[in-house]
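> Quick one: sequence and predicted model below, then my questions.
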Amino acid sequence: MARDIKFWVLVGFVFLAAVAGAGAYLILSAPLSIKLRLGADQTNSEPYEMASAIAHVVGRGHPGIRIEVKSTGGSSENISLLAQGKLDLALVQADVISRGDISLLAVLYPDLFQLLVREDSGISTLKDLEGRRIALPPVTSGQYRAFWFLANHFGLAPERINAIPMRTRTADEAIVDGEVDAVFRVVGPRNTAIRILYGRTKLKLIPIDQGAALNLRRPAFTRAVIPKGAYRGDPPAPPNDLPTVAVDRMLVARDDVPEDVIRAITRVLFEKRRELALRTPLAANIRQPELKQGTMLPVHRGALSYYDREKPSLLEEKAEFLALILSAIVVLGSLGVAFARRLNESKKGRIEDYAGQLLDLEKSAQDAKTIPDLDVCKKRLTAILSEAVEDMRAQRINAEGLQLFSFVWESVNYTINDHEEQLRLGPGKAKNTRSGRARQRQPAKHAT
């Protein structure tokens, strides 16, 4: 009965383990299922186009990840909406000050500072903007803040600039109709809206140099160039390579978006880049953050796990060092074995030396003719015992050797005592005495 109970208990444990394993497998292998909100920019803008491409390609590769693209006022508003939990992901410019609960996935493309003016405006430098009307992006965008940072660097008086925030289409119409003299934007190279504007009216781009100096004040800003002919080939517009400033457009996410979801999105950005580029050419610029040099934002754990996918494990990184340690252990172990062997051989040699001395002493005792000669043998026997005890304390002889020494020492001691008795009593008496002692040591026979 007890054996039956044990059998069924074992069956129960096996069943529970199988159920638990199957459940864990189903959970781990289940497809991702989540709905995310991605903040972009104005509809039909480059960030919105990029966001739409990401949502589409991610949805094709991972149907369980559903990304809804939201039209917003730009980077600053996106950061605010992320902080409020109204967005899960967003496209933002690198110079926008972030909150502590937002992390980086990837750098998407560079945005270039582009200042367009009407050819008949008489504007040739940034300083000429004073007293003129200029269309700026919405106040909620990072582009708006970037313009005023630029104006401050070049010493433009804010009260002398008639800055008018406008949406992209409104600003396009305003410069074509002559309602404004200039338009400032921070957009990708070969921006579609600017390219269309060049076909509608006569425009020119104003150089924005001192990129290195601006970088000292705001590290997110770097030197860049608008290539000759970027917006028109004949006649080329701009007519020459034009210096300007660039700031990266980045994809960021809230820290609480699941790690496996972010890893899947990051994988799409890099492994489906060709498919993304078919929907927006800017996707060709997607790149991994410079992890070794540090980033303006912390990298999301999910994205980091993708970037580290080919990174060797700690064991692999330390393989050579561990092999060296293992070799050293083997060498030291071999040396230890050899030393122990030599030590045992040394101990064995000392015992053999003692045994030799005792056997020589036994022969001397047997050849002794007088009691004084035997006394000399006794003293030598005692001295050998003292030396052996000292070696034992110093661990120069082992237990096995000590046992052998004791056996030989006792035999020699008996020989000396026996020979001394012969010398004292004479040969005949000594023999009788020994026989008597031998008979006394035998057990008595019981009468039958």
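The structure has been received and is ready for your questions. Residues are numbered from 1 along each chain as shown.

> Please count neighbours and contacts with C-alpha atoms only from this point.
Fine.

> in the stretch 151-300 of the chain, which segments are predicted with low confidence?
For the stretch 151-300 of the chain, applying pLDDT under 70 flags the ranges 292-295.

> For the stretch 251-400 of the chain, just list every one of the helices.
Assigned by DSSP state H, counting those that start in this stretch, the stretch 251-400 of the chain shows helices spanning 259-271, 273-279, 301-307, 314-317, 319-367, 371-393, 399-425.

> Pull the first one out as CSV, backbone CA atoms only.
Output for helix 259-271, consisting of C-alpha atoms alone and laid out as CSV, is shown next (Å, rounded to 0.1, in the frame of the first residue of the first chain):
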residue,chain,number,x,y,z
GLU,A,259,11.9,45.3,-23.1
ASP,A,260,11.0,42.6,-25.6
VAL,A,261,8.7,45.0,-27.6
ILE,A,262,11.5,47.6,-27.8
ARG,A,263,13.9,44.9,-28.9
ALA,A,264,11.6,43.8,-31.7
ILE,A,265,11.1,47.4,-32.9
THR,A,266,14.9,48.1,-32.8
ARG,A,267,15.5,44.9,-34.8
VAL,A,268,13.0,46.1,-37.5
LEU,A,269,14.9,49.5,-37.7
PHE,A,270,18.1,47.8,-38.7
GLU,A,271,17.1,44.5,-40.3
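
> got the residue ranges for the helices in the stretch 101-250 of the chain?
142-153, 168-176, 192-200, 211-217.

> closest to A264 out of these?
When the helices of the stretch 101-250 of the chain are compared by C-alpha to C-alpha, helix 142-153 sits nearest A264, at 28.1 Å.

> got the buried residues for that closest one?
G142, Q143, Y144, R145, A146, F147, L150, A151 (16 or more other C-alpha atoms under 10 Å).

> Then stretch 54-68?
Using 16+ other C-alpha under 10 Å as the test for burial, stretch 54-68 gives I54, A55, H56, V57, V58, G59, H62, I65, R66, I67, E68.

> what's the closest of those residues to A230?
Of all the buried residues of stretch 54-68, A230 sits closest to I54, with 25.3 Å by C-alpha to C-alpha.

> Wait, that closest one touches R267, no?
No. With contact defined as C-alpha atoms under 8 Å, I54 and R267 do not form a contacting pair (11.3 Å).

> could you dump the helices of the stretch 101-250 of the chain to CSV with distance to P281?
Shown next, in CSV, are the helices of the stretch 101-250 of the chain (distance: least, C-alpha to C-alpha, whole Å):
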stretch, distance to P281
helix 142-153, 21
helix 168-176, 20
helix 192-200, 11
helix 211-217, 25
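
> on that earlier part again, and the buried residues of stretch 54-68 as CSV, adding secondary structure?
Listed next are the buried residues of stretch 54-68 as CSV, based on DSSP: H, G, I helix; E, B strand; the rest coil:
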residue, secondary structure
I54, helix
A55, helix
H56, helix
V57, helix
V58, helix
G59, helix
H62, coil
I65, strand
R66, strand
I67, strand
E68, strand
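
> hang on, the earlier thing: flag the least confident of the buried residues of helix 142-153.
Scanning these for pLDDT, the low point is G142. It has 85.

> okay but that residue is in contact with G73, surely?
No. Using C-alpha under 8 Å, G142 is not in contact with G73, being 9.2 Å away.

> State the distance from the residue nearest to G61 when sequence neighbours are not counted to V57.
Closest residue to G61 apart from its sequence neighbours, by C-alpha to C-alpha, 6 or more residues apart in numbering: V268 at 7.7 Å. Distance, V268 to V57, using C-alpha to C-alpha, to the nearest Å: 7 Å.

> do the same with V261
Taking C-alpha to C-alpha, one finds V261 at 14 Å from V57.

> Ok, I208 next?
From I208 to V57 the distance is 36 Å (C-alpha to C-alpha).

> so Y48 is in which element?
For Y48, the element it lies in under DSSP states H and E is helix 46-61.

> Quick check: which helices or strands does that helix pack against?
strand 65-70, helix 259-271, helix 273-279 (3 or more C-alpha pairs under 8 Å, 6 or more residues apart in numbering; DSSP states H and E).

> now with 7 Å?
Using 3 or more C-alpha pairs under 7 Å, 6 or more residues apart in numbering; DSSP states H and E, the elements in contact with helix 46-61 are strand 65-70, helix 273-279.

> need the ones you listed in a markdown table with distance to I351, can you?
Below are these laid out as a markdown table (distance: least, C-alpha to C-alpha, whole Å):
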| stretch | distance to I351 |
| --- | --- |
| strand 65-70 | 82 |
| helix 273-279 | 82 |
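
> mind checking how far the single longest strand found in the chain is from the chain centre?
The longest strand of the chain (DSSP state E) is strand 102-118. Relative to its chain's centre, strand 102-118 lies at 30 Å (C-alpha atoms, centre = their mean, to the nearest Å).

> tell me the contacts of P137?
By C-alpha atoms under 7 Å, 6 or more residues apart in numbering, the residues touching P137 are Q143, Y144, P165, M166, R167, R185.

> mind putting the buried residues of helix 142-153 in JSON lines, distance to L36 included?
Below are those laid out as JSON lines (distance: C-alpha to C-alpha, whole Å):
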{"residue": "G142", "distance to L36": "23"}
{"residue": "Q143", "distance to L36": "25"}
{"residue": "Y144", "distance to L36": "27"}
{"residue": "R145", "distance to L36": "28"}
{"residue": "A146", "distance to L36": "29"}
{"residue": "F147", "distance to L36": "32"}
{"residue": "L150", "distance to L36": "35"}
{"residue": "A151", "distance to L36": "37"}
